[in-house]
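In: Structure of the sequence below:
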Amino acid sequence: MTERERLKEIIKELSYEKRKVTLASGRESDFYFDGKQTTLHPEGSYLTGKLFFEAVKDVEGLEGVGGLTLGADPIATATSLVSFLEGKPVPAFIIRKEPKGHGTGAWLEGRKNFKPGSRVVIVEDVVTTGGSSMKAIKRAEEEGLKVLGVVTLVDREEGGRENIEQEGYWLKAIFTKSDVLA
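Out: Now for the predicted structure:
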């Protein structure tokens with residue numbers, strides 16, 4: 001079994017649920033992908049890091065990976081760790097939902113690993129409409145980073161790719177909903 005096949009198994013076992021939910025976009029759905037169940041699992045975390053690093057390692061000039069807390073935190077960390085193990089270290093960052101309420105008042109954690117204009121990729125656990133990805137892109141750019149694109153664990157295939165691409169960024173999906181449910 002390949003690493004990709006094994007990660008797909010873990011996603012189906014731990015992250016996919018057939019039930020009614022309200023998504024971050026406000027839409028209702030009859031199924032749910034809780035990516036954190038996979039990305040916080042020991043093997044799932046490692047495989048996520050491997051496949052995300054594989055997806056970004058050839059991005060020209062890549063200097064970092066990160067995204068909105070909480071979904072991106074384990075992905076960015078796993079990807080950064082794997083990048084180090086593979087001999088091509090890429091630092092991670094985390095974008096807060098609100099600025100830190102004390103100390104520096106920072107929006108971005110891991111800042112000292114980046115200079116203004118650093119070329120980064122946003123990572124996500126699940127993309128539906130692309131709204132969270134665009135929020136992460138906007139905040140990262142306001143913080144002086146140059147966002148190249150987005151990599152997601154699962155693309156629900158509900159317009160996110162089109163919305164992200166319409167704004168001038170690319171989207172790479174490790175899996176689509178169709179892949180997972182095939």
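In: Name the nearest residue to E142, ignoring sequence neighbours.
Out: Of all residues not flanking E142 in the chain, W107 sits nearest, at 7.7 Å (Cβ to Cβ, 6 or more residues apart in numbering). All C-beta spots, glycine's among them, are computed from the backbone N, C-alpha and C.
In: and that neighbour, how many neighbours does it have?
Out: 17 (other Cβ atoms under 10 Å).
In: Would you agree it is in contact with K138?
Out: No - with contact defined as Cβ atoms under 8 Å, W107 does not reach K138; the gap is 10.9 Å.
In: Would you enumerate the residues in contact with the residue nearest to E142?
Out: Contact analysis of W107 by Cβ atoms under 8 Å, 6 or more residues apart in numbering lists 95-96, 99-100, 139, 142-143.
In: Among those residues, name the ones in helices.
Out: In helices, defined here by DSSP state H, the members of the contacts of W107 are 139, 142.
In: quick one: which two of the contacts of W107 are the most distant?
Out: Spatial extent of these (Cβ to Cβ) is set by the pair K100 and E142 at 15.2 Å.
In: re the thing from before, got a winner among the contacts of W107 for most neighbours?
Out: That'd be I95 among the contacts of W107, by other Cβ under 10 Å, with 26 neighbours.
In: Quick one, grab the pLDDT at that residue.
Out: Looking at I95, its pLDDT stands at 97.
In: okay, stretch 83-96 in PDB with CA atoms only?
Out: Backbone C-alpha positions of stretch 83-96 (Å, rounded to 0.1, in the frame of the first residue of the first chain) are rendered in PDB as follows:
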ATOM      1  CA  SER A  83      10.900  19.100   5.000                       C
ATOM      2  CA  PHE A  84      13.700  19.100   7.500                       C
ATOM      3  CA  LEU A  85      14.000  15.300   7.500                       C
ATOM      4  CA  GLU A  86      14.100  15.400   3.700                       C
ATOM      5  CA  GLY A  87      17.000  17.900   3.800                       C
ATOM      6  CA  LYS A  88      15.000  20.900   2.300                       C
ATOM      7  CA  PRO A  89      13.800  22.800   5.500                       C
ATOM      8  CA  VAL A  90      10.700  24.900   5.100                       C
ATOM      9  CA  PRO A  91       9.600  26.800   8.200                       C
ATOM     10  CA  ALA A  92       5.900  26.900   9.300                       C
ATOM     11  CA  PHE A  93       3.700  29.800  10.400                       C
ATOM     12  CA  ILE A  94       0.300  30.100  12.000                       C
ATOM     13  CA  ILE A  95      -2.200  32.800  11.400                       C
ATOM     14  CA  ARG A  96      -4.300  33.700  14.500                       C
END
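In: And P99, how close does it get to A24?
Out: Distance of P99 to A24, computed by Cβ to Cβ, to the nearest Å: 20 Å.
In: Could I get the buried residue list for stretch 132-152?
Out: Applying a neighbour-count criterion of 16 or more other Cβ atoms under 10 Å, one finds 132-137, 139-140, 143, 145, 147-152 buried in stretch 132-152.
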